[in-house]
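Chemist: When you get a sec, could you give me coordinates for this:
(2 chains)
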Amino acid sequence: MTNVTTQPATVAPARAARRRRGPAEDVRDERSIISTMDRKSPLVRGVVAVAAGLVLVALVITCAGPLFWLFKAATSTSTETLAQPFGLWPSGLHWENVTAAWSTVRFGTYLRNTLIICAGAWFFGLLVATTGGYGIAVLRPAYAKVVEIAVLATLFIPGVVSLVALYLTVVNLPLLNVNLLNTFWAVWLPGAASAFNVLLVSRYFQAIPRELFEAARIDGAGAFRVFWSLVLPLAKPILGVVSLLTIIGAYKDFLWPLLALPDHDLQPISVALPRVESSTDLGVFMAALFVSVVIPVALFLVFQRQFLRAAGSAGAIKG
Amino acid sequence: MVALDDPPTAARAEARPVRRRRPSPMAWVRRGGLTTLVFFLPLLLTFAYFSWWPILRGLVLSLQQTNFIVTEWVGLANFERVLADPLLLTAVWNTTYFTLLAVAIGFPVPILLAVLIAEMRRTRGFASVLAYLPVIIPPVVSVLLWKTFYRPDEAGLFNTILGWVGLGPLPWLNDPDFVIPAIVVQATWASFGTAVIIYLATLMTIRTELYEAAEIDGASILRRFWHVTLPQMRGILLIMLLLQLIGTFQVFTEPYIMTGGGPENRSTTLLLLIYRYAFVSGDYGRATALSVLLALALSLLSAIYLWATRRWSTS
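Modeler: Model (predicted):
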C-alpha cells in the first residue's frame, strides 16, 4: 500500500511539468516498447496492426456490446427480447418502456434520491477532505501528526470490521442519541469519512510552496482567507479528481444505502432496482437499467479525460 | 467534545502542547489554536463517529451479545458459534475459490491489455475509453444485466449463442458447479478497466532511455517487455495484486443480487454470511465475530504478502 503515501505526492508536480512542456513535446518523447525503428519493419507493423485490430474488436464486443444490447432491449417489447435476444428491433423502437419505467416502477423517485445522495456525498466529502487536508498539511498544529496517522490507519483496516458496528452507530449515535436510519445523513456522513480523500488532498496541499502562505500571512490574510482564496483555487485539479471519485462512488454504492435506507421512498436506484426486478415487465426493467446507465456513461464520454486521469492517478485504492 | 469521541489519539495530542508551549487557553486562542481546531472539526467528528468508533466498537461487539436494550459480555462465545456453523467452511471455500479464480483471470488480462493498448498510437484513447466503460456502470446494473444474459432458458444470451452451435441450454447460475465461475466472469468484466487505466498510466512513466538502451543492446521486442517493462511495473503490480485479493475476498453485491448465495449455498461468500447473521437473524455479536476473523485473516495475508515480496524484491 505504499502508493497511498507516495503516489499522490508525485501527481501534482508531474502534471505541472506536463503542462509546461506543452503538447508538441509530449508527442516527441513518446515511445514504448516498440520503437520507430521497429515500426519500419513490415513484419512488426503487420503484427502490431493485427494485434491492435483484435484488441479493438474484442473491446468493442465485450465492453460496448452489452450496453448496446441493453439499449436494444430497453426499446423492444418483452416478447421480442425473449423470442429473439439478438433480433434488432423487429417491430421498431418502443420508447414507451422508458415512460412506463417512470410510471410503474417510480423510477423518477429513485433517480431523485440518487442525485440527492450524490450531491450530499460530494459536498460533505469535499468539506471533510479540504478542511482536514488543510489542517494536516498547512496549519500543522502539534496534534496534526497524530490525526494523520489515525486517518491513515483506517486505510489498512478492512471495511468489514466496522460494517455491522457502523450500522449500530447510525441507528443510535453515541452522545447525541439520534437515529439517522432512513435519513440521507446516514449515507452522506459515513461516506465523508474517507481516509483516501483526506490523504489525497493533504498530499496535494503539502506540495504547495510554503512561501505562498507566508506571503499571504504578511499581507494580513487569516487562516480562513488563505484556505478560501489561496489553497482551494490552487488545488482545483485534485478537487476535480476527488469530486469525480466521490460522486461515482456514491452513484455505485449498494450495500450501505441498502442498510441505511430501508424506506422504499428514500432508496437510490442501485437499491431499488434489484428489489423491483422480479415484479417488473422485462422491457420496462431493461429501460430502467438503461436510464441508470445512460447518465454516468454520458458524463464519462463528455469528461473522459478527467475520468481517466482520476482513475490513473488515484483509482488504485478506490477501484 | 472531540477529545471525548476520540479518546486515545486526540486526548494524548491535546495534552502535550498544554504542558510544553501553551501557558494559558487565552494565549492559545490568540495564537490561532481555536481557528485551527475549527478546521479539524469536520474531519474529527466524521471520523470519530463513522470510522474510528465503529472500528473499536466492532472489536468490542464481537465479545458481546446485544439486542439494542441489554448488552452483556459473553467472552469468546460468539467466535465459538461462528466456528460451529457448518456453513462457515462452505463460505470460506466459496470465497477462496472466487478470489483465486478472479485473480487468475483479473490480474494478467489487464496487464496484457494495457501493454497492447500502449502500443496503439492512434487508437489508444478510444481503446482506453472502451476498457473503462464497464467501470462507469453501477455494479448493481451490471449484475442485473448479466443476470439476464445468464438466463437458464433459451432466451438467455449465452444460451442463444450456444444454440447456434447446437449446444445447451445450460442452467448457468442454477448450476452449483458453474455459479462461481459465472459470477467471476461478470465481476472481472465490471472491474478490469480500472486496472488497465492504472497500468497504462504507469507504462507512460517508464523512462524511454531504458527502452533505447535495451534496443541498442540488441534486445528484441519481447525481451524488452520482459526485462524492461515488467521490472519497471513491479511495484504497482505487487500492490494491485494485493488490493485485488483483499477486494475480491470481500465480495458481496454480485452473489447477493445474482443468486442470493444459492444454489445449495454454493455461492454463499463470507460477507453474505456476515450479512445474514446481522441483518436477517439480528445476531450482531456473531456477525462482528466473523467480521473480526475475516479482517484478521486479511491483515495476516497482507502482512505475509508484503514481507514475502519485500524479501523477493531485495534479493
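
Chemist: max-length helix in the chain?
Modeler: No chain was given, so I picked chain A. helix A:107-134 (DSSP state H).

Chemist: The chain in question should be chain B.
Modeler: Criterion DSSP H: the longest helix present in chain B is helix B:284-314.

Chemist: Using neighbour counts, pick out the buried residues of that one.
Modeler: B:284-295, B:298, B:302, B:309 (16 or more other Cβ atoms under 10 Å in any protein chain shown). Bear in mind the C-beta positions are built from the backbone N, C-alpha and C, glycine included.

Chemist: of the residues you listed, closest to B:Gly235?
Modeler: Distance to B:Gly235, by Cβ to Cβ, is smallest for B:Thr309 among the buried residues of helix B:284-314, at 9.8 Å.

Chemist: Identify the residue nearest the closest one in space, chain neighbours excluded?
Modeler: Spatial nearest neighbour of B:Thr309, chain neighbours left out: B:Leu238 (5.2 Å); criterion: Cβ to Cβ, 6 or more residues apart in numbering or on different chains.

Chemist: who's in contact with A:Glu162?
Modeler: Not quite, residue A:162 is Ser, not Glu. Neighbour list for A:Ser162: B:Ser51, B:Pro54, B:Ile55, B:Arg57, B:Gly58 [criterion: Cβ atoms under 8 Å, 6 or more residues apart in numbering or on different chains].

Chemist: can you put these in TSV and add distance to A:Trp228 and neighbour count?
Modeler: TSV is the format used below for the contacts of A:Ser162 (distance: Cβ to Cβ, whole Å; neighbours: other Cβ atoms under 10 Å in any protein chain shown):
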residue	distance to A:Trp228	neighbour count
B:Ser51	26	24
B:Pro54	32	25
B:Ile55	33	18
B:Arg57	36	20
B:Gly58	37	26
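
Chemist: restrict the residues you listed to those near chain A?
Modeler: Filtering these for neighbours of chain A using Cβ under 8 Å from any Cβ of the partner chain leaves B:Ser51, B:Pro54, B:Ile55, B:Arg57, B:Gly58.

Chemist: Ramachandran angles for the nearest residue to B:Thr268 once chain neighbours are set aside?
Modeler: Leaving aside its sequence neighbours, B:Thr268 sits nearest to B:Gly261 (Cβ to Cβ, 6+ apart; 3.8 Å). When read as degrees, to the nearest 10, the backbone of B:Gly261 gives phi 110, psi -10.

Chemist: Show the pLDDT at B:Gly261.
Modeler: Looking at B:Gly261, its pLDDT reads 88.

Chemist: ok, it touching B:Pro255?
Modeler: Yes - judged on Cβ atoms under 8 Å, B:Gly261 makes contact with B:Pro255 at a distance of 6.0 Å.

Chemist: Flag the shaky bits of chain B, pLDDT-wise.
Modeler: Across chain B, the ranges flagged by pLDDT under 70 are B:1-23, B:311-315.

Chemist: B:Met26 is in what secondary structure piece?
Modeler: helix B:25-30 (DSSP states H and E).

Chemist: same thing with B:Glu72?
Modeler: Taking DSSP H and E as the definition, one finds B:Glu72 inside strand B:71-73.

Chemist: now do B:Gly168
Modeler: Going by DSSP H and E, B:Gly168 is not in any helix or strand.

Chemist: ok, A:Leu70 to B:Ser302 distance?
Modeler: As judged by Cβ to Cβ, to the nearest Å, A:Leu70 and B:Ser302 stand 37 Å apart.

Chemist: okay, now A:Val60: neighbour count?
Modeler: 14 (other Cβ atoms under 10 Å in any protein chain shown).

Chemist: ok, so what distance separates it from chain B?
Modeler: For A:Val60, the distance to chain B (Cβ to the nearest Cβ, to the nearest Å) stands at 6 Å.

Chemist: And for that residue, nearest residue in space, chain neighbours not counted?
Modeler: Spatially, and ignoring its direct neighbours in sequence, A:Val60 is nearest to B:Leu130 (6.4 Å; Cβ to Cβ, 6+ apart).

Chemist: picking up where we left off before, could you check how far the residue nearest to B:Thr309 is from B:Leu113?
Modeler: Distance from B:Leu238 to B:Leu113, by Cβ to Cβ: 19 Å.

Chemist: neighbour count winner among these two?
Modeler: Under the criterion of other Cβ under 10 Å, the comparison of B:Leu238 against B:Leu113 puts B:Leu113 first, with 22 against 17.

Chemist: correct me, but the more buried one touches B:Phe192?
Modeler: Yes - between B:Leu113 and B:Phe192 there is a contact at 7.5 Å, judged by Cβ under 8 Å.

Chemist: In terms of secondary structure, what does the helix or strand following the helix holding B:Met26 contact?
Modeler: Sequence order places helix B:33-47 as the next helix or strand after helix B:25-30, per DSSP H and E. Of the remaining helices and strands, those touching helix B:33-47 by 3 or more Cβ pairs under 8 Å, 6 or more residues apart in numbering or on different chains; DSSP states H and E are helix A:107-134, helix A:144-156, helix A:185-192, helix A:223-225, helix B:2-5.

Chemist: that's a strand at B:Phe68, yeah?
Modeler: No - per DSSP: H, G, I helix; E, B strand; the rest coil, B:Phe68 lies outside any strand segment and is coil.

Chemist: No further queries at this time; thank you.
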